[in-house]
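Asks: What follows is a predicted protein model with its sequence.
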Amino acid sequence: MINPPPMSMPRPPRRPADPEAPVVSPSLRTQFSDLRATLRLVWSSSPGHTTALLLLSLLSAFLPAASLYATKLLIDAVGQATTGRLAAAGGYPHLVQLLAFQVGVGALLAVLGSFQNTSRELLGDRLQNAITLRILNKAIGLEVEKFEDSQTYDALQNAYQEVGVRPLGVLTQLIALLQAVITLVSIGALMARLGPLVLPLVLLAGIPGVIIQNKFGTESYRMLRRRTQDARVQNYLGSVLTSDSLVKEVRLFHFEPYLIGRWQEYYLRFRAQLVPLVRRRNGWTLAASLLSAVLVGLATLGVLARAARGEITVGDFSLFALGISQVQGQFSSLLTGVSGIYQNLLYIRNLFEFLELPARDLDAGEEWAGPIETIEFQDVGFRYPLTTRDVLKGLSFTVRRGQALALVGENGAGKTTAIKLLTRLFQPSSGRILLNGQDAARFSARSVQAEMSIIFQDFGQYQMSARDNVVLGHVAQAEPEAEGEGGAEVERAAERSGAAEFVEGLPQGYDTMLGRMFSGGRQLSGGQWQKVALARLYYRKASVLVFDEPTAALDAAAEFETVSRLREQAGERITVIISHRFSTVRLADKIVVLDDGRVAESGSHAELLALNGRYATLFRLQASGYGD
Ligand SMILES: Nc1ncnc2c1ncn2[C@@H]1O[C@H](COP(=O)(O)OP(=O)(O)OP(=O)(O)O)[C@@H](O)[C@H]1O
């Protein structure tokens, strides 16, 4: 089993899933189709190991009966020999032959078992790899909004946690089921000689335990499934307390006891469900064991009565005594096999639910080719999925090649949302975005994104080498450098962003690991990380550069310098800048002031000052802050 996605970086809780939503059991039809899909999955991950496992298991299913029969023959022969009837027992060589037969069966069982284990382990490994790849491939095809939806996130978590073990569990249980049927029929045939009621009584004794196991297995599953949402919140609380990035705030505000208290509340809520379940399960298990003991006792009475009448041999009795545990073991693995398959299929549904989520085909649509020379928002409206408020309301503006556009507005005005639409992470709910005069919706998201390079407010700080942090901006272009043929492009991008100054001073230069997660990693300051991210932006060959206020870590002078440099470097490209600092904003050719999802004003810095409206007021307010 592989670990769930790392939780070390605390993330904001998503929209909560409905915790009261019932946990619905899938229909029998769904279960059968899941069973078929699971077997296909297992088979396709390794046909060779699956076949080997199946054949070896079926072969070894006949051996327990053979071993029991050999023991019975041996005991009967020894009985005759010890009462002076060695000749009737076939002589000493016959005893040795029987022993050799018995030992041979045992040895064969061990050999087959060993090969079986090898096949199972190797198959499990292949299967885990195949499923993990499917989950990861699915995750990368999901819309960005899906990651913000708690139900999808839970589905991803559940799928990730159950990966590997469950599908293999279904196969092994199915094989165990076939094996149990074969072994039961063969041992049952041997036991028939002990009386008609012996086998039914012994079989009956196995039923109560299985019923109890099944009932409580399903209850446990339901309890855990209901708990997913709580477990995620609890996990998040724990990750806040153990996060390196939050430790300073946690200590200074001293909210540890509060968070631990909340964490414990979730635990106690879970415990309140667990305690009665454990008590009831163990009570019922005890009752089932007592009932089984009574039934086995009755069967034994019957056999003893036959023995008293001289109708069976000592070997037959040994067949009964040794056979009881075999029959019960096989019978219960038959019944638990059925319930185990059922339960595993319930968990596997999580995996399939995730794999069945609709994915957006990022390549659907016409292929965009060539630079983007104009961007025009035409009356664009947008509402986030599952919300009731329009975040953008009829947004219109145009920007052309060589120009820098600044989006300005108070927190929550919709600036980042506009960028998410421009970069095709989301689709407008109304209106159109035109690229070079053509509706962007016609073109595949991926081909349009290829023309854009962006640095977000919460840009990535990848725990990789400085070089990788830059190259991630355009991996396809990076091949020769990956093979060590220079990296001139990486260095040029780093020089343009200002990252070269400190990266070159690191112990292994561009090959130094950044961040604290791995040994030898160098942690950078916020401003240095930002410059590395900016180098990533420059490294990408794109005709639109988007700069979504990643400058929180920079002082006003550094931000001014960074954006001035961005303006110089941009050349004939389109630059879109989001910033709260007017010293930066004034560098733009065109400024669009957003207010509650609408354009309040737009124009150049000078025009907007002359207008003496909202922009001018905010500008003077900020300027007066620096004045004294
Ligand atoms: N994923 C989301 N789901 C639902 N609502 C969202 C989501 N992201 C943002 N919003 C809402 O959309 C509105 C606009 O947010 P946006 O991030 O675009 O504002 P912004 O102008 O970039 O703000 P800031 O200056 O604080 O970065 C806000 O009211 C915000 O609460």
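Replies: Nice, I can see it.

Asks: where along the protein do the strands fall?
Replies: 374-382, 392-400, 404-409, 430-435, 438-439, 452-455, 544-548, 574-578, 590-595, 598-603 (DSSP state E).

Asks: List the buried residues in stretch 438-450.
Replies: Residues of stretch 438-450 classed as buried by neighbour count (16 or more other C-beta atoms under 10 Å): 440, 443-445, 447-450. (Glycine included, C-beta is placed from N, CA and C.)

Asks: I'd like those laid out as TSV, including distance to the ligand and pLDDT.
Replies: Shown next, in TSV, are the buried residues of stretch 438-450 (distance: C-beta to the nearest ligand atom, whole Å; pLDDT from 0 to 100):
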residue	distance to the ligand	pLDDT
Ala440	18	93
Phe443	23	93
Ser444	23	91
Ala445	18	89
Ser447	25	91
Val448	20	93
Gln449	19	91
Ala450	24	90
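
Asks: of all these, which comes closest to Leu621?
Replies: Ala440 (36.0 Å; C-beta to C-beta).

Asks: Quick one: residues contacting that closest one.
Replies: 424, 432-434, 448 (C-beta atoms under 8 Å, 6 or more residues apart in numbering).

Asks: run the last query once more with 6 Å
Replies: For Ala440, the contact set (C-beta atoms under 6 Å, 6 or more residues apart in numbering) comprises Ile433.

Asks: hmm, back to that, out of the buried residues of stretch 438-450, which sit inside helices?
Replies: Secondary structure from DSSP state H places 445, 447-449 of those in helices.

Asks: Number of residues surrounding the residue nearest to Ser67 when sequence neighbours are not counted?
Replies: Leaving out its chain neighbours, the residue that sits closest to Ser67 by C-beta to C-beta, 6 or more residues apart in numbering is Val105, at 4.5 Å. Under the neighbour criterion other C-beta atoms under 10 Å, Val105 is assigned a count of 20.

Asks: Could you tell me the model confidence score at Val105?
Replies: pLDDT for Val105: 91.

Asks: Pretty sure it sits against Pro64.
Replies: No - assessed by C-beta atoms under 6 Å, Val105 is found out of contact with Pro64, at 8.8 Å.

Asks: Tell me how far the residue nearest to Thr152 when sequence neighbours are not counted lies from Met452.
Replies: The shortest distance from Thr152 to any non-neighbouring residue, by C-beta to C-beta, 6+ apart, is to Lys146 (4.4 Å). Counting by C-beta to C-beta, to the nearest Å, the gap from Lys146 to Met452 is 21 Å.

Asks: what's the longest helix in the protein?
Replies: Counting by DSSP H, the longest helix found in the chain is helix 256-308.

Asks: Make sure the residue nearest to Thr152 is actually in contact with Asp154.
Replies: No - judged on C-beta under 6 Å, Lys146 makes no contact with Asp154 at a distance of 11.5 Å.

Asks: How about the contacts made by Leu534?
Replies: 455, 497.

Asks: for the one 10 residues further on, same thing?
Replies: Applying C-beta under 6 Å, 6+ apart, we find Val544 in contact with 372, 451-452, 574.

Asks: Check Ala542 too.
Replies: 451-453.

Asks: Quick check: the residue nearest to Leu405 when sequence neighbours are not counted vs Ile591, distance?
Replies: Nearest non-adjacent residue to Leu405, counting by C-beta to C-beta, 6+ apart: Val399, 4.1 Å away. Distance, Val399 to Ile591, using C-beta to C-beta: 11 Å.

Asks: do Val103 as well
Replies: For Val103, the distance to Ile591 - C-beta to C-beta - is 91 Å.

Asks: of these two, who's got more company?
Replies: Ile591 (25 against 12).

Asks: who's the more buried one bridged to?
Replies: Ile591 has these beta-bridge partners by DSSP bridges: Ala406, Gly603.

Asks: Double-check it against Ala406; I have them as touching.
Replies: Yes - counting by C-beta under 6 Å, Ile591 touches Ala406, with 4.7 Å between them.

Asks: intersection of neighbour lists for these two?
Replies: Val585.

Asks: show me where the stretch 401-550 of the chain has helices.
Replies: With DSSP state H, counting those that start in this stretch as the criterion, the stretch 401-550 of the chain has helices at 415-422, 445-449, 466-471, 479-482, 488-497, 500-503, 526-539.

Asks: Pick the most deeply packed of these.
Replies: Comparing these by mean neighbour count (mean count of other C-beta atoms under 10 Å), helix 466-471 comes out on top with a mean of 26.

Asks: which regions of the chain sit below the pLDDT cut-off?
Replies: Residue ranges of the chain with pLDDT under 70: 1-25, 89, 148, 162-164, 477-486, 550-556, 624-628.

Asks: Residue most distant from the centroid, it?
Replies: The outermost residue of the chain, judged against the average C-alpha position, is Gly84 (70.3 Å), by C-alpha atoms, centre = their mean.

Asks: I'd like to know how far that residue sits from the ligand.
Replies: 91 Å (C-beta to the nearest ligand atom, to the nearest Å).

Asks: I'd like the distance between Asp589 and Ala542.
Replies: For Asp589, the distance to Ala542 - C-beta to C-beta - is 19 Å.

Asks: Check Arg581 too.
Replies: Arg581 sits at a distance of 24 Å from Ala542 (criterion: C-beta to C-beta).

Asks: again with Ala623
Replies: 34 Å.

Asks: Same question for Asn411.
Replies: From Asn411 over to Ala542 (counting by C-beta to C-beta), the distance is 28 Å.

Asks: just Val585 next, same as before
Replies: From Val585 to Ala542 the distance is 22 Å (C-beta to C-beta).

Asks: separation between Ser325 and Phe331?
Replies: If you go by C-beta to C-beta, the gap between Ser325 and Phe331 works out to 11 Å.

Asks: Quick check, central residue of the chain?
Replies: Central residue of the chain (C-alpha atoms, centre = their mean): Tyr160, at 2.8 Å.

Asks: Would you map the helices across the stretch 1-150 of the chain?
Replies: Using DSSP H, counting those that start in this stretch, helices in the stretch 1-150 of the chain cover 28-45, 47-60, 63-82, 91-141, 150-162.

Asks: how about these in a markdown table, adding distance to the ligand?
Replies: Shown next, in a markdown table, are the helices of the stretch 1-150 of the chain (distance: least, C-beta to the nearest ligand atom, whole Å):
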| stretch | distance to the ligand |
| --- | --- |
| helix 28-45 | 32 |
| helix 47-60 | 43 |
| helix 63-82 | 60 |
| helix 91-141 | 18 |
| helix 150-162 | 12 |
